[in-house]
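Peer 1: sequence first, predicted model second:
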Amino acid sequence: MSGFGAILRKDLKLEMRTGDSTITLIALSMLILVVLVLAFNPAEGRTGDLAAGALWVALIFAGMLGSSRALVAERDNSCILGLLLSPIDCAQIYAAKLAAAFIFMMVAEAAAVILLMLFFNLEFGMKLALLAPPVILGALGVAAVSTLLATIASRTRAGDLLLPVLVVPIFVPALIAGVKASAAALSGATMAELLGWIRLLIAFDVLFVAAGYLLFDYVVVED
Amino acid sequence: MKNTWQTGLGLVTLAAMVAAVYMALVGAPTEAEQGAVQRIFYFHVPCAMVTFASFGLVAIAGALYLWLGSQIWDDLEYAAVEVGMVFCTLVLITGSIWAKPIWGAWWTWDSRLTTTFILWLIYGGYLLLRTFGGDTPQVARFAAVVGIIGALDVPIIVVSVRLWRTIHPAVLLTRQGEHGLQDPRMVAALLISMLAFTTLFVWFLSLRFKMLRVHSRLTGLKRDLALWQAAGEGGR
Amino acid sequence: MSQPILEVHGLAKLYGTTPVFSGVELKVGPGEGVQIIGRNGVGKSTLIKTLAGLIAPTSGQSLVFGQESRWLKSGERRVGVLAHQSMLYPNLSARENLEFYAELYSIPSPSECASQWLERVGLEAAADKRVRTFSRGMEQRLAIARAMFAEPDLLLLDEPFAALDGDGVAMVTGLIKEAIARGRAVLITAHAPMELGGLRFEMLELVRGRLAPYGEEGRHARLRSLSAG
C-alpha cells in the first residue's frame, strides 16, 4: 500500500502549494449555491428541499471538477507514464486519485454547508450532524465514478463536455438517495428515517469503488 | 451460411411480429378502463424487457472484450448498444403515447418511465463516447468500461427511482392492468409479443453485428496490408 | 551469451494504417549496449515507449527477462526509461521528485538515495528548487537520475545527451559506462552516432520504419539516388 500513500501525499503536498483545486472547488460550490437560491427564492418552510437540492448540485459538479483536477496533476510532463513504469499497481493509482478528489471535495462541501447555514439560518446540532453521512457517502460515490470516467474523458475529443454526460446518469441513484436524505435531515428527521437512503448510498459506493478498482487498469494505459 | 440463418431468422421474426400485432390489436379484448389505447401495453412492455436484456448483453460482451481482447466481443457490444438504444427509445415513445390519453400528460414521472429515461441517457453517453472517440482499440476499451458501469448501475437505478416515487403519493400514478391481466387472451397477447420483440431484437442485432464485423475485418486487413508493405519496402 | 535482458521479435507499430516501424528484431544481453540512430520524427521515441511497454505494439513482442513488457506490472519491473517527456512534477523540488519515485520503488532510504543521485548528476545546488524553475539541461539531468536511480536492469534512454553541456555529456557517458560495467543492458537513441568513451555499442539505424545496421541504409540510399540521377 506504499504506492497509494506516496501518491496521495504527493498530491496533497502539491495542492497545499498551489491551492488550484480546492480554491476553485470552493468557489464553484458557493457560486452554484448562490445561483440556485437566487433562482428559486423559496417560500418560508420549503427551504429544506431547496437547500438539499442546491447542495447536491454543487456536489456533483464539484465532484466532476475535483476528479479532473486530481488527474490533471499527472498530465504535465506525462508524469502518468512515470507512475505506470513504477512497480505500483494501477489500482493504487486509482485509489490515490479517488482519495485526493474526495478530500478536495470534502473541503468544498464543508464550505458549502457553512454557506447553507448562513442562507437558511440553520443551527448546529442534530440536523447538520445527520447531514454528514449522506454528503460524505455522496462525495465518495461521485469521486469514485468521476475518477474512472474522467480518465476516459480526458483522452477523448470534447472530453470536458463528455464527462458530465457520462457521470450524471450513472450518478442519478446516489443523487436521488442523497437529496432525499439531506432534505429529510434538514427537516428534522431521525437517523432511522434516513437509513433506507443511507443503505442505498453505501451500496452505490461499494459497487463503484470496487468497479473502479478493477476497471482502472483498462482505462489508464495508453495506446 | 450465415446468410441463410439470417434470412430464416428474419422470416421467423416477421411471422412472430404479425402474430403479435394481430393479438395486440384484435385478439386481446379491449381493456375496460383505459380503452383501446391500452393495447400499446403489448408493445411497451416487451420493448422494456428487451432494453433491460440488452444492458446485460452489453456488460457481458464488454467484460469479454476486456478480458479476451478479441474484436468480435467489441462488435457485439457496440451492436447491442445501438439496437438497445432503438428499443429504449421505443419504450419512451410508447410510454408517452400511452400516458397522454390516460393521464393527460405526455410525460409522467412514473418510476418505470423515469428509469428507462436514465438508461436512455446512459446509452446516449456511450454512443457519444464512441462517436467522439473514434475507431481505436483504446476507445473500444473505454466504451466497454462505460457499458459495464452502466449495466452495474441498472439495479441501483431501479431501486432508487422506485423509492423516490413512493414518497410522492400525490403524484403517484398507478398502472392499472399491468399486474391485473384478467383475461387469458391478454396474457397470451403479452407472451406472444414478448417472444416477437425478442426475435426482432436478435434479428436487428445480427444484422448490425454483421455490418460491424465486416468493418472490423476490413480495418484488420488494411492494417495487415500496411504491415506487409512496410516489410516489403525495408527488405529491398 | 547469457540470457538476454531485452528480446524483441517482429515488433511493429501502426497508427491507423501508417506504419511507424515494423519487423524490429533485437537482443540485448547483460553488459551490452545498442545505439539507434535516426532523424527527428522517424519514430525513435515511439519505439522506446513500445519497448518499455508504455504503448501497445500492433504486432510482435517486446520481452524483458522473458516477460512481455506491456504487462510487466509488479515488483519485477526493472526498466528505467528516459523519454522526451521528463515525467517530473514541476511544482515539486528536484529532491522531492526523486524521493517520491524512490518511495514508489520501495527504496529503503529514499532521502539518502535522492541526495546521492542529485550529487551524481550535478544538481546538489538546485536540489530544493522547484523543477518549474529549471533550465532544459537541468531537467534532463534530473530526468536521467529518475530513470537510473532504481538500478534497473534495462535502460531505455531516448536521446540522453539532448540539451546537455560538455560536463553533462561526460556525466551521462560515465553513468552509462558504469551501468554496462554492472551488467545492465542499455539502449539509447540519438540523431547522430554518439562517442561513448570507448564503449562498443551495436549501431543500428531506424530508417523508413525498419531497423538496420547503421551505415547500410545510408549506402543503399546513396546508390539509389545515383542510379536515378
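Peer 2: Looks like it arrived, so ask away. Numbering: from 1, shown residues only, chains lettered A, B, ... in the order given.
Peer 1: show me the contacts for A:I26.
Peer 2: With contact taken as CB atoms under 8 Å, 6 or more residues apart in numbering or on different chains, A:I26 is in contact with A:107-108, A:111-112. Backbone N, C-alpha and C define where each C-beta goes, glycine included.
Peer 1: mind putting those residues into TSV with pLDDT?
Peer 2: Putting the contacts of A:I26 into TSV (pLDDT from 0 to 100) gives the following:
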residue	pLDDT
A:V107	93
A:A108	92
A:A111	92
A:A112	91
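Peer 1: quick one: buried residues of stretch C:56-74?
Peer 2: C:57-58, C:60, C:62-65, C:67, C:69-70, C:72-73 (16 or more other CB atoms under 10 Å in any protein chain shown).
Peer 1: select only the buried ones of the contacts of A:I26 in PyMOL?
Peer 2: The PyMOL selection below is limited to those of the contacts of A:I26 classed as buried (16+ other CB under 10 Å):
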select buried, chain A and resi 107+108+111+112
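Peer 1: helices and strands of chain B: which one bottoms out on pLDDT?
Peer 2: Lowest on mean pLDDT, DSSP states H and E among the helices and strands of chain B sits helix B:2-22, with a mean of 86.
Peer 1: quick one: residues in contact with that helix.
Peer 2: B:42, B:189, B:192-193, B:195-197, B:199-200, B:202-203, B:206-207, B:210.
Peer 1: can you list the buried residues in that helix?
Peer 2: So for helix B:2-22, counting by 16+ other CB under 10 Å, buried means B:9, B:12-13, B:16-17, B:19-21.
Peer 1: same deal with stretch B:74-92?
Peer 2: Quick answer for stretch B:74-92 (16+ other CB under 10 Å): B:74-92.
Peer 1: what residues does chain C have near chain A?
Peer 2: C:49, C:52, C:54-56, C:73-77, C:79, C:81, C:83, C:85-92, C:96, C:100-101, C:103-106, C:146 (CB under 8 Å from any CB of the partner chain).
Peer 1: now these: which count as buried?
Peer 2: Looks like these have C:49, C:52, C:54-55, C:73, C:77, C:79, C:81, C:83, C:85-92, C:96, C:100-101, C:103-105, C:146 buried, using 16+ other CB under 10 Å.
Peer 1: show me the residues you listed that map onto helices.
Peer 2: C:49, C:52, C:96, C:100-101, C:103-104, C:146 (DSSP state H).
Peer 1: and C:P152, how close does it get to C:R210?
Peer 2: Using CB to CB, to the nearest Å, one gets 28 Å for the distance from C:P152 to C:R210.
Peer 1: between the buried residues of stretch C:56-74, which is nearest A:V172?
Peer 2: C:K73 (34.3 Å; CB to CB).
Peer 1: and B:Q138, what element?
Peer 2: helix B:137-165 (DSSP states H and E).
Peer 1: can you list the buried residues in that helix?
Peer 2: B:138-154, B:156-161, B:163-165.
Peer 1: helices of chain A, residue ranges please.
Peer 2: A:2-18, A:20-40, A:47-72, A:79-85, A:90-120, A:126-154, A:159-186, A:191-220.
Peer 1: and chain C, by the same measure?
Peer 2: Taking DSSP H as the test, the helices found in chain C are C:44-52, C:94-104, C:110-120, C:136-148, C:166-181, C:216-228.
Peer 1: by contact count, what packs against the fifth one?
Peer 2: Packed against helix C:166-181 by the contact rule (3 or more CB pairs under 8 Å, 6 or more residues apart in numbering or on different chains; DSSP states H and E) you find helix C:136-148, strand C:154-158, strand C:185-190.
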